[in-house]
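>>> structure, please.
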Amino acid sequence: MEKIKHFLKLGKNLAALGRKCLVLALAAMVAAPAVADDDFGIWTSLAAEKKFNKKISLEAGIDFRSEQKLKSVSRWSGSLGVGYKPWKFLKFSAGYAYIYDRSVQEAKVNYTNSGNINGYNVDHGYWRSKHRAYVDATGKLDVGRFSFSLRERYQYTHTMGTTCLRDRYRDTAPGGYSGDIYYWNGEGFIEKNLVEDDKSHKNNHYFRSRLQVSYDIKGVPLEPFVSYEISNNLSDGFALDKTRITVGTDWKINKKHKLSLAYLYQDGADDDSNDNIHVIDLGYKFEF
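Purely as a prediction, here's the structure:
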C-alpha cells in the first residue's frame, strides 16, 4: 500500500512538473516570437565525465547538429575539457573543441568601382574546420531547493581557410534582349560564371555570460532549469552579437547516467550561427 501511495505521489509530482515546464516553454516562446525566416534545428550531444576526486574532473564529448529546418547537417564536433572545483560554490574549467561546420548558401551584391550595383556573388554551401579553446569560471548559490549559477567564459575560435564554389551574375539584361538570361533574386543577367572563391582563415574572440536557475524537486529525479546567455564580440568593441534563452530539464536516471531535454531560442549571429533559430536540444552524460 505504501508503494502505491509513493507511485501516486510521484505521478502527481511529474504531472505538476510537466505543467510547469510547459508554462516555462510557452513563456520563452512568447518572449522569442517565431518569425517566418527563423530556422529550426535539433542539437544532440553525448558526454562522459571522470571525477578523480571532489575537485578535479575530466570531460569528453561529441555533438551533432541538424539545422536549416532539418534539411541538412550543419555541424559535428568533439571536445575535451578539464574542471577544477576548489570550493563547492566555485568551479574553473578549460577545454578544446574541434568543430566541422557547414556554411549555407550566401548571396552578396557586387558593386563596380564607381559604386553601382552590377550583379550578385552567390556562394554555394561549404564545410570548414574550426579549432576552439575556452576558459571559464562558474559561481553557484543554493537557496533552499533552488540553485542559481553564473558562468563567465572567454572563447577563442580559429576558423581554417578553405575554398567554395561561387556563381557570379553580371550585367543586367536590358529590355528587348533576346539572348540567354540568367535569373537571381528576381533579376535577369546576361552573364553567369561558376568560379572558385578563397575563404581566408579568421579568428574570433567572444566573452559569454550565462545565468541559470534550476529547481531540485524532492522525490523526483527531474531538475527543471531556465537560462539566459549573451555573447559579446571582443573584436568589435564588446558588441552584443547573440542572446540565447533555454528552458528544459535534467533527468538523473541514476548516479552514472543523466539525460537532458530543452527548448532553446537563439537570437543573433556570431562565428557559430548566422540566423535566429529555434532548437530542440537533447543530451546524454555518463559519469564514472
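
>>> from here on, contacts and neighbour counts on C-alpha atoms
Fine.

>>> max-length strand in the chain?
Under DSSP state E, the strand in the chain containing the largest number of residues is strand 126-143.

>>> other residues contacting that one?
With contact meaning C-alpha atoms under 8 Å, 6 or more residues apart in numbering, strand 126-143 is reached by 88-104, 147-162, 164.

>>> any of those buried? List them.
Those of these that meet the buried threshold are 90-103, 148-159, by 16 or more other C-alpha atoms under 10 Å.

>>> out of the residues you listed, name the ones that lie in helices.
Counting by DSSP state H, no part of these is found in helices.

>>> would you agree Ser235 falls within a strand?
No: residue state for Ser235 (DSSP: H, G, I helix; E, B strand; the rest coil) corresponds to helix; a strand is not indicated.

>>> ok, back up a step: from the contacts of strand 126-143, which ones fall inside strands?
If you go by DSSP E, these have 90-103, 147-159, 162, 164 in strands.

>>> most remote residue from this structure's center?
Relative to the C-alpha centroid of the chain, counting by C-alpha atoms, centre = their mean, Gly176 is the outermost residue, at 49.1 Å.

>>> buried stuff in the longest strand of the chain?
Neighbour-count burial for strand 126-143, counted by 16+ other C-alpha under 10 Å, picks out 128-140.

>>> name the residues of stretch 40-57 that are buried.
Applying a neighbour-count criterion of 16+ other C-alpha under 10 Å, one finds 40-49, 56-57 buried in stretch 40-57.

>>> got the contact list for stretch 38-52?
With contacts defined as C-alpha under 8 Å, 6+ apart, stretch 38-52 is touched by 57-70, 275-288.

>>> which residues are in contact with the helix or strand encompassing Gly83?
Using DSSP states H and E, the element containing Gly83 is strand 72-87. The contact list for strand 72-87, computed with C-alpha under 8 Å, 6+ apart, reads 54-68, 91-103.
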